[in-house]
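Asker: I'd like to go over a predicted model; first the sequence, then the structure.
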Amino acid sequence: MSRFVFVAALMALAGCATVTQLPAFSYQLPDNRETDVAQVMATLPGARESRPENPSGEPLVVASLHEETALVALSLDGTERWRAEVTAMTRPEVLGDLVVTSDREGLVALDAADGRVLWRAPIEGLAYVGSTRSGSTLVYVASVGAGGGATRVGRVRAVDARSGRDLWEHEISGTLGHPQARGSWVFVPWDRQNVAILELGTGVEKARLRSTDDIVAWVRDLPSGLFYGGPGIYRFDARSASGTKAGSTYLPPLLPEAPREPLVADDGFFPTPGTRSARGRIRLYATPEARGEALGLLGDRFYFVYYRYVFGYDAERNLQWARMLDEDVIAAEALASGLFVVGERGGLRVLDPATGSDVWTGGGERALASAGLDVRGFAPTGSPAPRELATSLAEIAGDPDNRLVPARAFAVEQLGRIEDPAVSSVLLDLYAQRSVPSALRETITEVLRRRTVGTEHLVAALQQRYDYLDERPVPPLELLVPALLEQRKTDAVAGLVAHMLDHETPMGVLPLVVRAVVELGDASVVPALRSFLVLYHADSTFSGQADALAVAAEGIYRHGGDEGRAMLTALAGDGRSLEGVSTSIRELFDREARDAEARARAAAEAEAAAAEAAARAERAGRPARLTQAQINAVFAERADALRACFQQELEHDPQFSQLRVVFILENTGVATDVQYSPPSETLTSCLRPVVDALRFPQFQQRRQRGSFTVTLRGETVATPTTPNDRFWWSRAERQAGQGEIGRPWWEVRQAPRVAPTQPGQPNQPTQPNQPTQPNQPWWLEGGEAGGGQAPPGGSPTPPAGGAPPSETPPPSPEGGGSPWWLPSE
Amino acid sequence: MRHLLVFLLALTAATAFAQPARRAARRPAANADAPAAPRVTMADLESILTRLRSNDADQVREAIELLTILDAPEVVPPLAELIRAGQSDVITDRAIGALEQVAEPAAIEVLTELVNHRRAGARRRAYAALAAIDDPRVRPLLERGLRDSDRSVRGAAALALGETGAKASLDLLFRAFERNVVEAAIAIGKLGDAAAVERYHAFLGQEPLGVMLTGYDAFLRRADVPLATKKAIVERLGEGAGLAVRRFLQDYLASFPERTRDRGVRELQQLVEQTIARIPESGAGVRVGGGA
């Protein structure tokens, strides 16, 4: 029982959840839910036939009149079907058998058949934005605050279409846009970001779209489906729930470069004026079309309308044609057969989608203010004459109507893209017209600068000369010269030189002309530059405005060679020269000196860097430390000097038998902290300059201990390179292998040197081939290990510079003989 | 009053730019009271040229003066060289003036360059110097001056054409007059024939009366204009005129000889007198041609 109660309670709660409906436009209502969108999609009607929806089934134009307080329903031949005395404040809308507009009192609904007013509804301080209709229900929106301001109120109300009887209503603190109904659903854009999807019958919001990366400015119900968007176009389908451009079926903005950023539909948040107004005169016209799962444009065409200019584009956004109509466009609709256009003087026409020519014309002379159309499916036939795009664009660009300068500039831009050389000539002619406003001149200048074709016309234009009698102006040099420079037109140099020398060339543009001569010319322009500069270098004409002369000086400096430089130097030193001329010339030379200095500095820096790199490489190639063999080799280079010192020392100390030099070797190759043993003063003073002068190979380690030992009695000079004993045991093993293991420490350690000689008995040098006695003291063996000690039993090595090691020293005639290291006789 | 002022200005300009038609006639006669000019001969040319090349502006000025006194074709090249080397305004203008004094065809080349000088004063002087040269190449150059953007240069060129008797330029002078080159009126008056007078009449009412009177004055003072044409001018002016015309005719009347046997001249004189008598002495009077 208790389980049953629990389940029932859960079901009740769930039921409450579904029954409790949040109010429409509530911020708590979830948006972009796929299930909600799918629910709407499931019951949304499919495509319908494209045809007029008024009761007559014939195309109908309902227009408000200019300077008259009336609405008229017009057949396409211009005849009035009916006329109603209504002061239309908003554009009339044809909604089936109703025509809806608003006057100062509120909403007015008229019978589309005869113009009879069926009902009125007050709007109560709000601005009527627009209506929609599905079946017998009419839904309209009134709102304020879309343009800013503190008050933001939006009201959507459903009424019975024929009687005006209220059905439901929502009022929010936000702005609502023009609603669109399709089947049993009403789509209401709000706050420029959302589309609320309400049930037509109840007004309950069942789904909501929220764009997360775009704005929503309009919703349109069209025969092939429902579309919404801002600058771009979205198709309402299941993908709309993504809330993003990428996730939706989306067409990017059709013509983002168009002036005034026109939308492809009227901005649904603002009322469409029923009187003549600039609003709505600048529009893109296109009819989105569902194509399977994709989105296209009806007839693969769209149109840009700017007052009375119309530009026709294909689906790839290529401009196909342009047209200047004889009246401003107050309403239009893109049909499969072309663009249906309503002019402000009552003219109706259909422009051919391929050529822009009239396929059909109708209407009559009637001053219209605004118009609502019900012309879908209208497909007149005709044989339009082809139109030359360049001619049409030139016609628009040259239109004297200065209200429309942005669109004329747009036409100039489009003209500039045409790869016909003659277009350059057209643009030049246009520029020469006195009525052309400066903004348009700037556009022409920019377009001509970018154009790479037709530059021959620019060169030819230089031939024109000022003539007072013929009222011929100076050619537009401020236009021509930048373009010629941009295109590097060297064949323009002759014309430019002529203008440089022509006094009619305005002072303002003269520096530019001279600059072009310098930049495009070569040595051939130097005579002209020289004449120009020399003639005016002291003339008051250029006093305070010597820019042109300075540029001419630069040209001579660049192209004139040594002769030109000499001339400039003389001119700079001429006391009559204008200050600006002298200064600019000096600056040229100074700049050259600075540049040369900078170049030299850069070269020196590069050289230093290279040297540094080489030094780094050389340092990287050095040994980590010097081996004994390398040290010995350095000493060997000064063997003669060493020998002299030994001889000298022997004269003082006949028992002198061994020299040991210990020192710190810097990595620069210099020996420091040199200690001599024995520390005999005579020996030391003799050896010091010799040893100090020694230069050892450089090595990487900062410093190392070094030693050099000479045993004068025939023993070696230096210890051969010690094998690399990385560990003490390897050294022990090696020494064991050499029979050294087991020698007492005192035999291998350094000990105070004590001369083993008796007074008066000269020390006998050890014979080179005489084996060392095992019990002989180490100091008689030649030195310490690693410090230049001769290997016991090894071949004696003569002092460096002496006989080669392989040579056997000569035997002494006196048993011991003379020292081996003495030079042989 | 404004027309009178324009008339006086135009006359002043005409006087200022008036150049003798021929070199021989242009040179002033030696004035015994004037300080004696330094005696300079061709032997001094080298020393003068040395001074001409000096950096001292005073020396250059003196050298230019001496070259002017020398008045020989040989002075043209150094003066041209001096100008082309670029000088201060004063030196340039003096050198052009010297070329005007010398009036040698050899100077045409450098003067042709100078009519393109950026300083209007230099161009004006160059046209004046060209006008002093008796050479068939001069007229087209002077005509070019009518197309100049500077008003004073156009005026100088127009006057120069009148002074040089460039009858072939009459059509162009009429075009210039249509384009408000007021000095062209004087040139037309100096060059035009009877047909040109008729054509000139057409401008009455379109151009200021003061300007028109400068042209009529030139017509009336010419000996080669038939008396009938002069009478026609006087009659046309007398058709409806004001104080300015009266004064103009009074001035013209004063130019007649006191006694003449020429019947035609006497008739013209009488016509002028009658016309003057018809014009009220004060008040605005009647406009000639309905315009102006």
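Answerer: Sure thing, it's come through. Every value quoted in this text rests on a predicted model; they were computed, and no experiment measured them. Numbers count the residues shown, from 1 in each chain, chains lettered A, B, ... in the order given.

Asker: can you list the residues of the stretch 51-200 of chain B near chain A?
Answerer: Counting by Cβ under 8 Å from any Cβ of the partner chain, the stretch 51-200 of chain B comes close to chain A at B:55, B:57, B:84-89, B:92, B:116-119, B:123, B:146-149, B:154, B:172, B:175-176, B:179. Glycine gets a C-beta too; all of them are placed from N, C-alpha and C.

Asker: among those, name the buried ones.
Answerer: The neighbour count (16 or more other Cβ atoms under 10 Å in any protein chain shown) marks B:86-87, B:92, B:116-119, B:123, B:146-148, B:154, B:172, B:175-176 as buried among those.

Asker: before we move on, back to that, in strands only, show me the residues of the stretch 51-200 of chain B next to chain A.
Answerer: Assignment to strands by DSSP state E places none of these there.

Asker: tell me the helix or strand right after the helix or strand bottoming out on mean pLDDT in chain B.
Answerer: Lowest on mean pLDDT, DSSP states H and E among the helices and strands of chain B sits helix B:23-26, with a mean of 41. Sequence order places helix B:45-52 as the next helix or strand after helix B:23-26, per DSSP states H and E.

Asker: in the stretch 1-150 of chain A, which residue sits nearest chain B?
Answerer: A:Glu67 (43.1 Å; Cβ to the nearest Cβ).

Asker: which residues sit in contact with that residue?
Answerer: Counting by Cβ atoms under 8 Å, 6 or more residues apart in numbering or on different chains, A:Glu67 makes contact with A:Ala367.

Asker: contacting residues for the residue in the stretch 151-292 of chain B positioned nearest to chain A?
Answerer: Nearest residue of the stretch 151-292 of chain B to chain A, counting by Cβ to the nearest Cβ: B:Arg175, 5.4 Å away. Residues in contact with B:Arg175 (Cβ under 8 Å, 6+ apart) are A:469, B:146.

Asker: again, only using 6 Å
Answerer: A:Leu469 (Cβ atoms under 6 Å, 6 or more residues apart in numbering or on different chains).

Asker: same check, this time on A:Ile123
Answerer: Counting by Cβ under 6 Å, 6+ apart, A:Ile123 makes contact with A:106, A:142.

Asker: where's it relative to A:Leu98, distance?
Answerer: 17 Å (Cβ to Cβ, to the nearest Å).

Asker: okay, now residue 225: neighbour count?
Answerer: Let's take chain A. Neighbour count for A:Gly225, taken as other Cβ atoms under 10 Å in any protein chain shown: 22.

Asker: that's the other chain; I wanted chain B
Answerer: As a burial measure, B:Val225 scores 20 neighbours (other Cβ under 10 Å).

Asker: just the one 4 residues further on next, same as before
Answerer: Burial of B:Thr229, expressed as a neighbour count using other Cβ under 10 Å, amounts to 19.

Asker: again with A:Glu388
Answerer: Neighbourhood size, A:Glu388 [other Cβ under 10 Å]: 13.

Asker: so where's chain B shaky on pLDDT?
Answerer: Along chain B, the parts satisfying pLDDT under 70 run over B:1-38, B:240-241, B:282-292.

Asker: could you do chain A as well?
Answerer: Ranges of chain A meeting pLDDT under 70: A:1-20, A:713-825.

Asker: quick check, distance from the lengthiest helix in it to the centre of its chain.
Answerer: Ranked by residue count, the top helix of chain A under DSSP state H comes out as helix A:579-621. Distance of helix A:579-621 from its chain centroid, counting by Cα atoms, centre = their mean, to the nearest Å, is 33 Å.

Asker: hmm, it touching chain B?
Answerer: No: figure legend: helix A:579-621 not in contact with chain B (Cβ under 6 Å from any Cβ of the partner chain); closest approach 9.6 Å.

Asker: export the very next helix or strand once past that helix to PDB, keeping only CA atoms.
Answerer: Counting by DSSP H and E, the next helix or strand C-terminal to helix A:579-621 is helix A:628-637. In PDB, the C-alpha atoms belonging to helix A:628-637 read as follows (Å, rounded to 0.1, in the frame of the first residue of the first chain):
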ATOM      1  CA  GLN A 628     102.400  15.800 -20.300                       C
ATOM      2  CA  ALA A 629     103.500  15.200 -23.900                       C
ATOM      3  CA  GLN A 630     102.100  18.600 -25.000                       C
ATOM      4  CA  ILE A 631     103.800  20.300 -22.000                       C
ATOM      5  CA  ASN A 632     107.100  18.600 -22.800                       C
ATOM      6  CA  ALA A 633     106.800  19.600 -26.400                       C
ATOM      7  CA  VAL A 634     106.600  23.200 -25.500                       C
ATOM      8  CA  PHE A 635     109.700  22.900 -23.300                       C
ATOM      9  CA  ALA A 636     111.500  21.000 -26.000                       C
ATOM     10  CA  GLU A 637     111.100  24.100 -28.300                       C
END
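
Asker: alright, I will stop here.
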